[in-house]
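> okay, here's the prediction I keep looking at, along with the sequence it came from:
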Amino acid sequence: MNHIFIAFGGNLGDVESSFRSARAAIDQLTNTSVKQSSLLYRTPPIGPAGQPDYFNAVISIASSLQPLQLLDALQHIEAQHHRKRIEHWGPRTLDLDIIAMDSMIINADRLIIPHTQMQFRQFVLQPLCDLDTNWQHPLLHQTSSQLLQTLLDTGETILPKGKVW
């Protein structure tokens, strides 16, 4: 079983309900179980102007699915939640990103692990730290808490306290 972190994002519709539904769907995948959920954070949008705020969280799962099998399953769950890929960084009902799988390094056409932008995204790092402050980035050789602190040292404002979802 691989230990995997999945980031959740969304800013359209009842996001909290979509997150709970998607988490339950992930827990029902073959040979997969949800282990922990971070707090839920409200964050300003990145991308096109005029979007509503996002909600973000991270879950940890154990799964024996192969990386592309998991990616396909997550994209199917997104589609069930009416995810439409219209505009890069545009508004969405649900976004599920594989952030990390153990210490795997994957660079394929459809999937890059660890996620290439995670070290620049407090809305990923803070929820990840809720779950594991000692997770080690396999390329940068820093823990999740070190990555978060580096980002905060650049002057980024700390996210407001999250809530249980």
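Thanks, I have it. Numbering: from 1, shown residues only.
> distance check, the nearest residue to D27 once chain neighbours are set aside against R92.
Spatial nearest neighbour of D27, chain neighbours left out: V34 (4.4 Å); criterion: C-beta to C-beta, 6 or more residues apart in numbering. All C-beta spots, glycine's among them, are computed from the backbone N, C-alpha and C. From V34 across to R92, the span is 21 Å (C-beta to C-beta, to the nearest Å).
> neighbour-wise, which of those two wins?
Remark: of V34 and R92, R92 carries more neighbours, 23 against 18, as counted by other C-beta atoms under 10 Å.
> wait, S144 touches L128, no?
Yes: using C-beta atoms under 8 Å, S144 is in contact with L128, at 4.8 Å.
> re the thing from before, in which helix or strand does the residue nearest to D27 reside?
strand 32-37 (DSSP states H and E).
> give the rounded mean pLDDT of that strand.
The pLDDT scores in strand 32-37 average 98.
> so which bits of that strand are buried?
32, 34, 37 (16 or more other C-beta atoms under 10 Å).
> pull the contacting residues for the second one.
The reference is to V34. By C-beta atoms under 8 Å, 6 or more residues apart in numbering, V34 lies in contact with 23, 26-27, 59-61.
> partners of the residue nearest to M104 when sequence neighbours are not counted in the sheet?
Among residues not flanking M104 along the chain, I113 sits closest, at 5.6 Å (C-beta to C-beta, 6+ apart). Using DSSP bridges, the bridge partners assigned to I113 are I106.
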